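# next come a sequence and a model predicted from it.
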Amino acid sequence: MSDYPYLASNKNIGAVFEKIRTAAKPARFTISLMKQLGFTSSNDQSYPSLLKKLGFLTDDGTPTVYYDSLRDPSTAQIILADRIKELYSELFAINTEINGATDEEIKGAISRVTGKDAKDVGRIFTTFKTLCAIADFSGTITSVGHNRHEENNTESDSILSKPPSSSTEVAYTPIQNSKPDFHYNIQIHLPATTDISVYNAIFKSIKEHLL
């Protein structure tokens, strides 16, 4: 059965994630660092463990690539939602929108998945709900540090920047008091070869069909 994390106090969750965004990226995220950032309560000592469970830190406290996305205001809430879905995957397997379900439904799902007693279920529930409240589940992560909207814009720019594939250029020159006069410029791409008979065959065909 799953063993979901919970905090003794959830009141600083929003403040901790905000401090991660504004503070310099550390070599290691430790309890000592938490104190340096101003979170000196014994209840705050569980945050490094929670961040590890969410995938923002390795086992030794080293920030991961997800930590970098957490520091970017444009992706912070989206990457948090993505990591919540990963950590609580069993809950989202029960209800893909479990983050917006009723309290009783969430607690019931936690109870079935973890097998914990009512007290621990309540603690897990409170941490889960507090995390979900500061995450954005409407966004989509396509790769770390990029969301779906940015990818679509890149694809559109690429398409718009491509030159026309046609090799035939048509120029229209209006002549006053006369019918339109069209000019066709036909481009012929000759193959790379040392066999002169290939070129002779091509020009012979042009002479017969175009001239």
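Arrived safely. Residues are numbered from 1 along each chain as shown.

# put the alpha carbons of the longest helix along the chain into PDB.
Counting residues, the longest helix in the chain under DSSP state H turns out to be helix 118-133. What follows is helix 118-133, C-alpha atoms only, in PDB (Å, rounded to 0.1, in the frame of the first residue of the first chain):
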ATOM      1  CA  ALA A 118      -8.700   7.900  10.300                       C
ATOM      2  CA  LYS A 119      -6.100  10.100  12.100                       C
ATOM      3  CA  ASP A 120      -3.400   9.500   9.500                       C
ATOM      4  CA  VAL A 121      -5.800   9.700   6.600                       C
ATOM      5  CA  GLY A 122      -6.800  13.200   7.900                       C
ATOM      6  CA  ARG A 123      -3.200  14.300   8.000                       C
ATOM      7  CA  ILE A 124      -2.500  13.000   4.500                       C
ATOM      8  CA  PHE A 125      -5.700  14.600   3.200                       C
ATOM      9  CA  THR A 126      -4.800  18.100   4.700                       C
ATOM     10  CA  THR A 127      -1.400  18.100   3.000                       C
ATOM     11  CA  PHE A 128      -2.800  16.800  -0.300                       C
ATOM     12  CA  LYS A 129      -5.500  19.500  -0.300                       C
ATOM     13  CA  THR A 130      -3.100  22.300   0.600                       C
ATOM     14  CA  LEU A 131      -0.700  21.300  -2.200                       C
ATOM     15  CA  CYS A 132      -3.500  21.100  -4.700                       C
ATOM     16  CA  ALA A 133      -4.700  24.500  -3.700                       C
END
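
# buried residues in that helix?
120, 121, 123, 124, 125, 127, 128, 130, 131, 132 (16 or more other Cβ atoms under 10 Å). C-betas here are computed from N, CA, C, even on glycine.

# mark out where each domain of the protein begins and ends.
What automatic domain parsing lists as the domains of the chain is 13-157, 168-209.

# and the average pLDDT for the last one is what?
Same thing as domain 168-209. For domain 168-209, mean pLDDT rounds to 58.

# low-confidence regions, this protein specifically.
Applying pLDDT under 70 to the chain flags residues 140-199, 201, 205, 207-211.

# surely residue 130 meets residue 13?
Yes. Residue 130 is in contact with residue 13 according to Cβ atoms under 8 Å; the separation is 4.9 Å.

# ok so, going back, mind putting the buried residues of helix 118-133 in CSV, distance to residue 21 included?
Compiled in CSV, the buried residues of helix 118-133 are given as follows (distance: Cβ to Cβ, whole Å):
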residue, distance to residue 21
120, 30
121, 31
123, 26
124, 25
125, 26
127, 20
128, 21
130, 17
131, 15
132, 18
